[in-house]
Each structure stands twice: as C-alpha cells, then as structure tokens.
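A.B. asks: sequence-free structure coming up:
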C-alpha cells in the first residue's frame with residue numbers, strides 16, 4: 001500500500017492499537033486482505049465504486065477479524081500459498097448479506113447466523129454480496145487437537161444457525177469480538193481458550209468422533225477415566241503411556257488403540273494438556289514471581305529447554321514473551 005498507509009499502520013502497531021482500515025478501491029482491499037488476513041486476488045464483477053472495512057485483533061495467537069464489504073470476488077490460488085505460511089483455520093460467521101465459500105470442490109452459501117470453516121493452506125474462493133458482513137476467528141491448526149484429515153471434511157460446508165453447537169459458537173465469536181476492546185490480557189486469553197474449546201466440541205459433534213468405536217472391552221467411560229488420570233498426574237515427569245496403561249490395568253497396545261480411535265496419540269494429548277496448564281499459569285498475575293522455567297517443570301516437562309521449545313512451537317512465542325504480553329494486556333498483531 002502507499003507509504004502514508006504503511007506509516008500509519010506502523011504507528012498503530014507501536015501503540016498496540018487494533019489494525020483497522022476502511023478502503024474505497026478494490027486494489028486497496030486486496031492489499032488490506034493480504035496484510036491482515038492472507039493473500040487473495042480480488043476483483044469486481046462490474047467496474048464501479050467499492051467500499052470495504054476490516055478490523056483485526058489478536059489474543060494468544062488467535063485472531064478475531066470483522067469485515068464489511070461491497071460485492072466482489074476474492075480468490076486464493078495455489079500459487080499464493082507458501083510452504084512457510086503458518087497453517088491456520090478460519091471459522092467464519094455470517095453477520096449480514098450472503099457469502100459463498102468454496103474449497104476442496106465444495107461451496108458453502110452462508111446466510112446470517114451460518115458458519116463455515118476453511119483451511120488457509122488450501123486454495124479458496126469467496127464471493128461477497130453487496131451488504132456483506134462477516135466475523136472470522138483465525139487460529140493455528142496446531143491449537144485444535146483433532147486430526148487435520150478429519151477436519152478437512154468440514155471445509156466449505158455450511159453449519160446452519162440453529163444446528164448443534166452453532167448458536168453457542170456464533171454467540172462466542174460476537175462476544176469475543178466485543179471483549180477485545182474491554183478486557184484485560186488474562187481475561188481475553190481465558191475467554192479465547194474457552195471459545196476454542198466450544199468450537200472443538202462443535203467439530204467433534206459434526207465429525208461424530210466424540211463417541212468413536214473402541215476396541216473390545218473398552219468404553220467411552222474408560223477414555224474419560226484415563227483423561228482424568230492424566231489431568232491429575234500432569235505434574236509427574238514420569239507420566240507416560242506405560243504408567244497410564246498400568247494404572248488402568250490395560251495393555252499398552254489397548255491404550256494406544258483408544259487414543260488412535262480419536263485420531264490422537266497418548267504423548268500428544270499429555271503434552272497438549274501440560275501446555276494448556278502452563279499457558280494458564282503464565283498469564284496469572286498471582287504467579288508473576290514464579291519463573292517461566294519453574295512453571296514448565298511444575299507441569300511435568302523434564303527440562304526447561306524442552307518446555308521452551310514445545311511452548312514456542314505450539315504458541316509461536318517463548319514462555320517469557322507470552323507472559324510479558326499476557327500480563328501487560330498489550331496483545332498486538
């Protein structure tokens with residue numbers, strides 16, 4: 001975009017303000033999408049005036065993006081996707097107008113209240129109506145503890161405004177968008193995690209993987225017992241598949257089978273739960289005097305370096321960087 005716009009953007013970021021812009025040309029809209037969302041080629045069906053507005057706020061690696069536009073087409077081709085781009089999902093809530101989202105040879109036509117999902121690593125086409133308003137939640141794929149190949153079944157499929165968890169998910173997106181301006185860093189982090197949990201539950205219901213087929217002599221109740229046991233023993237560095245299996249009088253093979261039925265591994269589940277506890281504690285002002293390394297060791301990581309690498313790989317920040325931004329409430333872009 002023009003140098004004046006670049007300067008104003010830099011100033012806004014330095015002041016930890018939310019990136020937002022209103023544009024009046026389709027060319028500037030394309031630049032704004034690439035800067036704040038991802039790379040798209042955009043075009044108007046008919047030459048003429050265009051108006052678009054976009055606002056993007058981030059908390060704990062999760063972005064909430066609201067936009068309103070005139071009628072146009074946006075296409076993200078394979079040539080626009082880099083292998084170095086962070087793999088994200090976008091959950092989109094239609095607020096007004098009609099949106100058409102195409103990906104993986106499917107097209108979801110959204111009316112107000114409807115939801116759809118798409119994958120930023122896949123080619124995508126979006127067609128917006130004249131009075132289009134949309135709210136998206138953008139989050140790293142690694143934050144959803146569900147198999148990507150299964151979530152891929154949901155891209156560009158319509159979830160109706162009254163279907164299952166859709167009303168709760170839609171309300172959460174709207175509420176989170178409002179909270180971005182009024183809540184502290186820690187409150188926003190906890191609320192964003194809660195929103196992600198609800199959305200994960202919605203995906204599980206849609207994929208029908210909350211009640212998988214378990215091996216003989218196992219049951220959903222056993223899985224819940226195992227998960228509870230893991231939660232109660234996360235601080236034990238020795239917690240692993242063998243100790244978990246022995247505690248429940250099942251074979252190691254049977255334990256792995258139970259988690260594989262959900263598309264997970266035992267080790268990844270334990271690590272995910274430990275990181276969630278660490279993230280919670282790092283954002284707690286009452287624990288500011290406890291070192292980040294001590295928090296990692298408290299939740300079962302064997303070394304501070306292993307904790308630091310795992311945390312950064314998952315959340316994109318070191319534990320110290322995460323804590324500083326969480327406690328200051330200065331989540332920027």
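C.D. replies: That came through, no problem. Computed from a predicted structure; not experimentally measured.
A.B. asks: Run through the protein and note the low-pLDDT ranges.
C.D. replies: 1-20, 60, 184-186, 209-221, 329-333 (pLDDT under 70).
A.B. asks: residue contacts, the most centrally placed residue in it?
C.D. replies: Closest residue to the average C-alpha location of the chain: residue 139 at 2.4 Å, with Cα atoms, centre = their mean. With contacts defined as Cβ atoms under 8 Å, 6 or more residues apart in numbering, residue 139 is in contact with 61-63, 88-89, 91, 196. In short, each C-beta sits where N, CA and C put it, glycine included.
A.B. asks: which parts of the helix or strand harbouring residue 196 are buried?
C.D. replies: With the criterion set as DSSP states H and E, the secondary-structure element containing residue 196 is helix 185-207. If you call a residue buried by 16 or more other Cβ atoms under 10 Å, then helix 185-207 has these buried ones: 185-186, 188-193, 195-196, 199-200, 202-204, 206-207.
A.B. asks: Count the residues that sit near residue 318.
C.D. replies: Neighbour count for residue 318, taken as other Cβ atoms under 10 Å: 14.
A.B. asks: Surely it touches residue 307?
C.D. replies: No - in this structure, residue 318 is not within contact of residue 307 by Cβ atoms under 8 Å, at 10.1 Å.
A.B. asks: Let me know the secondary structure of the residue nearest to the centre of the chain.
C.D. replies: Secondary structure assignment for residue 139 (DSSP: H, G, I helix; E, B strand; the rest coil): strand.
A.B. asks: Dig out what it forms beta bridges with.
C.D. replies: Bridge pairing for residue 139 (DSSP bridges) gives the partners residue 89.
A.B. asks: How much space separates it from residue 326?
C.D. replies: Distance of residue 139 to residue 326, computed by Cβ to Cβ, to the nearest Å: 17 Å.
A.B. asks: One more: residue 270?
C.D. replies: 23 Å.
A.B. asks: neighbour count winner among these two?
C.D. replies: residue 326 (24 against 19).
A.B. asks: Tell me which residues of the helix or strand containing the more buried one come out buried.
C.D. replies: Using DSSP H and E, the secondary-structure element containing residue 326 is helix 319-328. Applying a neighbour-count criterion of 16+ other Cβ under 10 Å, the buried positions in helix 319-328 are 319, 322-323, 325-327.
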